[in-house]
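> Give me a 3D structure for the following:
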Amino acid sequence: MSATGALAHGDHDDQAERSVEQVARDNVVKLVTKGQLAPSWSKAKVLSVTSRMRGGARQDVVTLRNNAEVQASRKTLFIVLAADRSLISSSHKLQ
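Take a look at the predicted model:
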């Protein structure tokens, strides 16, 4: 892709350029901001980044750990991203 082509797309390519881990962290911050996750999740550690196939499409799964959570079942969070890095789901149980 030429430099001109990259500039023509602007923000559209920004998400594709960021790492899967960074996109997942950005989604966690959004969930914290919306009050859907405790603020301590913004400092959670990334345990792993893996890929899987679901329905013929690749998905990236980022597993985060937040030891500040009291309940053991809520210490792990799975962020599932589509191949285009859009958020599919965020859950304490991988589905």
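> Which residue ranges of the protein form strands?
All strands of the chain, identified by DSSP state E, fall at 45-54, 57-65, 76-82, 87-91.
> Quick check, pLDDT for the residue nearest the centre of the chain.
Within the chain, the residue whose C-alpha comes closest to the C-alpha centroid is A24; the distance, by CA atoms, centre = their mean, is 1.9 Å. As predicted, A24 sits at a pLDDT of 97.
> now swap in E17 and tell me
61.
> Next: D13.
According to the model's per-residue confidence, D13 sits at a pLDDT of 48.
> What about the closest residue to P39 other than its chain neighbours, how many residues nearby?
By the measure of CB to CB, 6 or more residues apart in numbering, the closest residue to P39 outside its immediate chain neighbours is V32, 5.6 Å from it. In short, each C-beta sits where N, CA and C put it, glycine included. Neighbour count for V32, taken as other CB atoms under 10 Å: 17.
> Low-confidence ranges, the protein, go.
1-17 (pLDDT under 70).
> at 90 what do you get?
Under the criterion pLDDT under 90, the flagged ranges of the chain are 1-18, 95.
> so where's the longest helix in it?
Scanning the chain for the longest helix, with DSSP state H as the assignment, gives helix 20-33.
> just to revisit the earlier point, so of the strands of the chain, which one's packed in deepest?
Highest mean neighbour count among those (mean count of other CB atoms under 10 Å): strand 76-82, with a mean of 20.
> Return the list of strands paired to it, each annotated with direction.
Applying DSSP bridges, strand 76-82 is found paired with strand 57-65 (antiparallel), strand 87-91 (antiparallel).
> Arrange these in TSV, one row each, with distance to L37 as further columns.
Formatted as TSV, those follow (distance: least, CB to CB, whole Å):
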stretch	distance to L37
strand 57-65	10
strand 87-91	8
